[in-house]
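Enquirer: The following block contains a protein sequence and its predicted model.
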Amino acid sequence: MSMKKRVTVLGSTGSIGVNSISVIDSLGEEFELVSVSGHGQWQLLAQQARKYNLEKVVITDTRNLANLEKELEGTDTEVLGGPEHLVDLAVDSDCDILIVAIVGSAGLPAVLGATKAGKTIAIANKESLVVAGCLLMPLAQKHGATILPIDSEHSAILQAMQSGQRNEVEKIIITCSGGPFRNADDAQIACATLEDALNHPTWNMGPKITIDSATLMNKALEIIEARWLFDLEPGQIEVLVHPESIIHSLVEFCDGSVIAQMSLPDMRLPIQYALTWPHRRPCPASRLNLHELGHLTFEPPDKNRFPALKLGYEVAHKAGTAGAVLNGANEACVEAFRKRQISFTQIVEFTDICLSEHNFIEKPDLEQLMQSENWARQKVLELVSSVQKNPDKMKNSPQSTSY
Ligand SMILES: NC(=O)c1ccc[n+]([C@@H]2O[C@H](COP(=O)([O-])OP(=O)(O)OC[C@H]3O[C@@H](n4cnc5c(N)ncnc54)[C@H](OP(=O)(O)O)[C@@H]3O)[C@@H](O)[C@H]2O)c1
């Protein structure tokens, strides 16, 4: 790589966004940060704009636009307000690599735009693939876009896949820490509080993915993400609980060889691999010392205690509008759980109800995907409101004591 790569980070104020900027920094001359977006954290956006003398900054929550404009007065940075400008940044011909680190399906329009513009997209925003993988992957092929995973499991799969030909892959094994409730029984899970759910044992991440990791909905989303990214049948995707989060995933080839990617849990490594792919560069993340570690453990996942996994497989099989419904329902449920309106187990329970009740479309267009997602969000609001009208329905109150 001789020419400088110009990078845009959407969601630069979040956990992946901040790590992405530190990776770009540590890579030195080869990469240059040119534009960023954030939603609410205007002060951090302003700091990033000043530090890197950025060309453009988008703030999607326009309530903070005036503050950001004032903060960046007199600088060369162009300040834009509103979600529509995410697509402008994504398709900008001056951007070589787009990192999408926005949380939720709010990232989808930018991912779609960049895909149609034939860009290289380093994607952390798994929700876009879950909602619209059925449209995105064919579009990427048509327009010559490259979609590279940042998710550590999918990065591991991409890395392990370099050991053979695509048609030699028999199956993939996605690892899973098990989250904070790995050893909890049904009763303990049923009265899990928000604080319990936010207490992830191995990864330090944004709140939405942390809660998804507690319900194991994150693994469900990852099964669907892997199905689209690597064009696999759901039967080729296994989940393995591995509490130490050292093996990030494995690929089994037709000769029985299983190739694993291992490293300490640090998102800077998969972010960097997406930027430098197919090459490798030195990375500041701490190195693995297997001798110190001693041993690694593995367990089968428990689909009864964590029913989200069943939903992941169901949606990966059905495809069509099922991913949009799963994602819309889960996002709305996580929001309600964070507001303490529903209990922990109701997140998956309500998502399941949405999946059972929605009008499935096998080959949807974008509008139908969006309608299905919105329908699911609406349906969750109805379920939440019925819980609020009848508090008895809120079994296992999220206010209850932590176990
Ligand atoms: N964190 C991890 O280790 C990790 C690992 C693998 C995959 N991922 C995936 O990466 C994505 C980001 O996760 P995260 O943990 O970095 O989340 P996060 O810390 O909550 O950051 C989310 C980012 O999205 C922005 N944002 C929030 N709502 C938005 C909206 N409506 N429109 C546009 N931007 C919005 C936030 O802006 P403000 O902060 O300015 O409000 C922030 O920049 C998720 O899809 C997650 O599943 C994360």
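Expert: Looks like it came in fine. Residues are numbered from 1 along each chain as shown.

Enquirer: Distance check, Thr60 against Leu45.
Expert: The gap separating Thr60 from Leu45 is 10 Å, by CB to CB, to the nearest Å. No exception for glycine: its C-beta is placed from N, CA and C like everyone else's.

Enquirer: Need the residues touching each of the two.
Expert: Listed contacts common to Thr60 and Leu45 are 37-38; contacts here mean CB atoms under 8 Å, 6 or more residues apart in numbering.

Enquirer: For the two, work out which one has more neighbours and name it.
Expert: Leu45 (27 against 21; other CB atoms under 10 Å).

Enquirer: Name the helix or strand for the more buried one, please.
Expert: helix 42-52 (DSSP states H and E).

Enquirer: Help me see whether that helix makes contact with the ligand, please.
Expert: No - Helix 42-52 stays clear of the ligand (CB under 6 Å from any ligand atom), getting no nearer than 6.8 Å.

Enquirer: buried stuff in that helix?
Expert: For helix 42-52, burial by neighbour count (16 or more other CB atoms under 10 Å) applies to 42, 44-46, 48-49, 52.

Enquirer: can you pull the contacts of the residue nearest to His200 when sequence neighbours are not counted?
Expert: Residue nearest to His200 in three dimensions, not counting chain neighbours: Thr210, with 5.1 Å by CB to CB, 6 or more residues apart in numbering. Contact partners of Thr210, counting by CB under 8 Å, 6+ apart, are 197-198, 200, 203.

Enquirer: mind checking pLDDT for the residue of the chain found nearest the ligand?
Expert: Residue of the chain nearest the ligand, by CB to the nearest ligand atom: Gly14 (1.9 Å). In this model, Gly14 is scored at 98, pLDDT.

Enquirer: re the thing from before, buried among the contacts of Thr210? Need that as a selection in PyMOL.
Expert: The buried residues among the contacts of Thr210 can be selected in PyMOL (16+ other CB under 10 Å) with this line:
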select buried, resi 197+200+203
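
Enquirer: from the contacts of Thr210, which are also near the ligand?
Expert: By CB under 6 Å from any ligand atom, the members of these lying near the ligand are Trp203.

Enquirer: List just the nearest of the contacts of Thr210 to Pro284.
Expert: Pro284 has its nearest neighbour among the contacts of Thr210 in Trp203, at 17.8 Å by CB to CB.

Enquirer: Next one: that closest one from Ile16, what distance?
Expert: Taking CB to CB, one finds Trp203 at 11 Å from Ile16.

Enquirer: Quick check: neighbours shared by these two?
Expert: Listed as contacting both Trp203 and Ile16 by CB under 8 Å, 6+ apart are Met267.

Enquirer: can you list the weak-confidence ranges in the chain?
Expert: Within the chain, the stretches with pLDDT under 70 are 1-2, 393-403.

Enquirer: CA-only coordinates of the helix holding Leu45 in CSV, if you can.
Expert: The C-alpha coordinates for helix 42-52 follow below in CSV (Å, rounded to 0.1, in the frame of the first residue of the first chain):
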residue,chain,number,x,y,z
TRP,A,42,-21.1,17.3,20.0
GLN,A,43,-18.2,18.2,22.3
LEU,A,44,-16.3,15.0,21.3
LEU,A,45,-17.1,15.6,17.7
ALA,A,46,-15.7,19.1,18.0
GLN,A,47,-12.5,17.8,19.6
GLN,A,48,-12.1,15.2,16.9
ALA,A,49,-12.6,17.9,14.2
ARG,A,50,-10.0,20.2,15.7
LYS,A,51,-7.5,17.5,16.4
TYR,A,52,-7.5,16.0,12.9
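
Enquirer: which strands and helices sit next to it?
Expert: strand 31-38, strand 56-59, helix 65-71 (3 or more CB pairs under 8 Å, 6 or more residues apart in numbering; DSSP states H and E).

Enquirer: Compare those and give me the one nearest Ser245.
Expert: Among the helices and strands packed on helix 42-52, the nearest to Ser245 by CB to CB is strand 31-38 (26.9 Å).

Enquirer: now the closest one and helix 42-52, what's the angle there?
Expert: Interaxial angle, strand 31-38 versus helix 42-52 (axes from the mean of the first three to the mean of the last three CA atoms, to 10 degrees): 160 degrees.

Enquirer: Next to the ligand, which bits of the chain? Give me the list.
Expert: For the chain, the residues in contact with the ligand (CB under 6 Å from any ligand atom) are 11, 13-17, 38-41, 60, 83, 101-103, 106, 124-127, 151, 203, 205-206, 208-209, 267.

Enquirer: Keep only those of the residues you listed that are in helices.
Expert: Among these, the ones falling in helices (DSSP state H) are 15-17, 126-127, 208-209.

Enquirer: For those, give me TSV that also has distance to Thr297 and neighbour count.
Expert: As requested, those are exported to TSV (distance: CB to CB, whole Å; neighbours: other CB atoms under 10 Å):
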residue	distance to Thr297	neighbour count
Ser15	26	19
Ile16	27	26
Gly17	32	27
Lys126	26	29
Glu127	30	30
Lys208	27	19
Ile209	23	24
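
Enquirer: all helices for the stretch 251-400 of the chain, in order.
Expert: Assigned by DSSP state H, counting those that start in this stretch, the helices in the stretch 251-400 of the chain fall at 268-276, 290-293, 308-318, 322-338, 344-357, 366-389.

Enquirer: Contacts for the third one, please.
Expert: Outside helix 308-318, the residues within contact range by CB under 8 Å, 6+ apart are 130, 215-217, 219-224, 227, 234, 237, 239, 301, 303, 322-323, 326, 348, 351-352, 355, 360.

Enquirer: Just the C-alphas of it, formatted as CSV.
Expert: The C-alpha atoms that make up helix 308-318 are tabulated as CSV, following Å, rounded to 0.1, in the frame of the first residue of the first chain:
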residue,chain,number,x,y,z
ALA,A,308,-32.7,-15.6,21.3
LEU,A,309,-30.4,-18.1,19.7
LYS,A,310,-33.4,-20.0,18.3
LEU,A,311,-34.7,-16.8,16.8
GLY,A,312,-31.3,-16.2,15.2
TYR,A,313,-31.4,-19.5,13.4
GLU,A,314,-35.1,-19.1,12.5
VAL,A,315,-34.4,-15.7,10.9
ALA,A,316,-31.3,-17.0,9.1
HIS,A,317,-33.4,-19.7,7.6
LYS,A,318,-36.4,-17.6,6.7
